[in-house]
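J.: sequence-free structure coming up:
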């Protein structure tokens, strides 16, 4: 994983984007089809983040959205509690265990990001804006 350059960080800040997503993926299905999700991001805003929630969907090898075999869940809301420091330059990394049960899941896509800062201001971003947060695309 290449580091977040100052140039890319500045591009995101100019677009009023408070985080740079540096990695996201699913784990391999476990013995009962349970699939983990993991996301890494850098807080590039000037404010500490209190809570962050990623809404994600799973996809199979042929890019079809799939549901969990247990509960039929498709969209998962992955929440993380901070504080996530604005001065930290290395990525924050979270793994959420067994988000879905389906052994055909190959990857995930982030559909929405909701952020609550320590001063209780909020920001919400949908799929097109999330692509701008993905530094792998911006660079």
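T.: It's in. Because the structure is a prediction, the values reported are computed rather than measured. Numbers count the residues shown, from 1 in each chain.

J.: from here on, contacts and neighbour counts on C-alpha atoms
T.: OK.

J.: which residues in the chain form strands?
T.: 19-26, 34-43, 49-59, 76-84, 92-101, 107-117, 122-126 (DSSP state E).

J.: now do the buried residues in stretch 71-86.
T.: Within stretch 71-86, the residues that count as buried by 16 or more other C-alpha atoms under 10 Å are 74, 75, 76, 77, 78, 79, 80, 84, 85, 86.

J.: oh sorry, the question was meant for stretch 18-30
T.: 18, 19, 20, 21, 22, 24, 25, 26, 27, 28, 29.

J.: quick one: contacts of it?
T.: 1, 4, 9, 12, 35-45, 91, 101-103, 105-108, 133-136 (C-alpha atoms under 8 Å, 6 or more residues apart in numbering).

J.: contacting residues around the residue nearest the centre of the chain?
T.: Centroid-nearest residue in the chain: residue 39, 4.6 Å away (criterion: C-alpha atoms, centre = their mean). By C-alpha under 8 Å, 6+ apart, the residues touching residue 39 are 21, 22, 23, 24, 25, 93, 94, 95.

J.: how about those residues in CSV, adding pLDDT and distance to residue 54?
T.: CSV is the format used below for those (pLDDT from 0 to 100; distance: C-alpha to C-alpha, whole Å):
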residue, pLDDT, distance to residue 54
21, 88, 11
22, 86, 14
23, 90, 13
24, 93, 11
25, 95, 12
93, 95, 13
94, 97, 11
95, 98, 12
